[in-house]
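Student: my questions are about this predicted structure, shown below with the sequence.
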Amino acid sequence: MMKTSNTDLMDSINKNSLLRKDNLRKAFLEKRKAMTESQVQQMSSAILENFKKAFDLNPYTFVHVFLPIKKQNEIDTWPIVDYLSKSNLSVVVSKSDLLSNNMEHFIYDKSVHMKPNKWGIPEPESGVSVSASQMDMVLIPLLVFDNVGHRVGYGKGYYDHFLSKCRKDCIKIGLSMVSPVELILDTEPTDVKMDYCISPMGLHTFEAVKK
């Protein structure tokens, strides 16, 4: 399996410069593109196993899952969808509104017809709608995260908009193929912090430092 430590990457670039979102986004996109399909699958499997160990799903009804952009070497979340579908809960997936940078949410099952959007994300064409306020748990995509629960995504703001509409007790969990950096320097008040992040190394918890 490919090493997930960020040490070599951090040492190769000035630290204060690197820990800004644009620089982190560029560096970790390049790191992800260098991964093989086998490495992505191994890390995805490890993340699923760590998710299973960390969370009892009995208290939850609606769990939102992001679906992978294969060409971006994103974590393969389809096995997570399968795992959740076999539990007594509803799996929710999203459809993006490209004009407003918002998302609509729909209950997923194998009867729902999926179609890739312009970024290659599988999306439901229609289905049973669910509101953000109904979510009990959200699994969040990211490129890299820090030790206090901030994340860097693709920069479009879809998930921050979505998470800001979720209940305060909704559990927000990032999924990452890399270990955390120390601190993302240019966070904003609109950035929604995660409660946890799951990587191949295990569970990272941020509840003690939540605002």
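Tutor: Sure, I can see it.

Student: how far away is the residue nearest the centre of the chain from Phe106?
Tutor: Taking CA atoms, centre = their mean, the centroid of the chain lies closest to Pro141, which sits 2.0 Å from it. Relative to Phe106, Pro141 is positioned 18 Å away (CB to CB, to the nearest Å). Using the backbone N, CA and C atoms, a C-beta is placed for each residue, glycine as well.

Student: repeat that for Phe145.
Tutor: In terms of CB to CB, Phe145 sits 27 Å off from Phe106.

Student: any idea whether Glu123 is helix, strand or coil?
Tutor: Under DSSP: H, G, I helix; E, B strand; the rest coil, Glu123 falls in the strand class.

Student: tell me how many other residues crowd the closest residue to it other than its chain neighbours.
Tutor: What sits nearest to Glu123 in space, not counting adjacent residues and going by CB to CB, 6 or more residues apart in numbering, is Lys95, at 4.4 Å. If you count neighbours by other CB atoms under 10 Å, Lys95 ends up with 20.

Student: who does the longest helix along the chain touch, helix- and strand-wise?
Tutor: Across the chain, the longest stretch assigned as helix under DSSP state H is helix 37-54. Judged by 3 or more CB pairs under 8 Å, 6 or more residues apart in numbering; DSSP states H and E, the packing partners of helix 37-54 are helix 78-85, strand 171-175, strand 196-199, strand 202-205.

Student: which residues are contacting it?
Tutor: Residues outside helix 37-54 that contact it (CB atoms under 8 Å, 6 or more residues apart in numbering): 1-2, 4, 35, 73-77, 79-80, 83, 173, 175-177, 196, 198-200, 202-203.

Student: quick one: low-confidence parts of this structure?
Tutor: 1-18, 207-211 (pLDDT under 70).

Student: check which residues of stretch 60-71 are buried.
Tutor: 60, 62-69 (16 or more other CB atoms under 10 Å).

Student: any chance of those residues in TSV, plus secondary structure?
Tutor: TSV is the format used below for the buried residues of stretch 60-71 (three-state DSSP):
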residue	secondary structure
Tyr60	coil
Phe62	strand
Val63	strand
His64	strand
Val65	strand
Phe66	coil
Leu67	coil
Pro68	coil
Ile69	coil
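
Student: mind checking how far the longest strand anywhere in the chain is from the chain centre?
Tutor: Selection of the longest strand in the chain by residue count, based on DSSP state E, yields strand 90-97. Here the centre of strand 90-97 is set off from its chain's centre by 13 Å, with CA atoms, centre = their mean, to the nearest Å.
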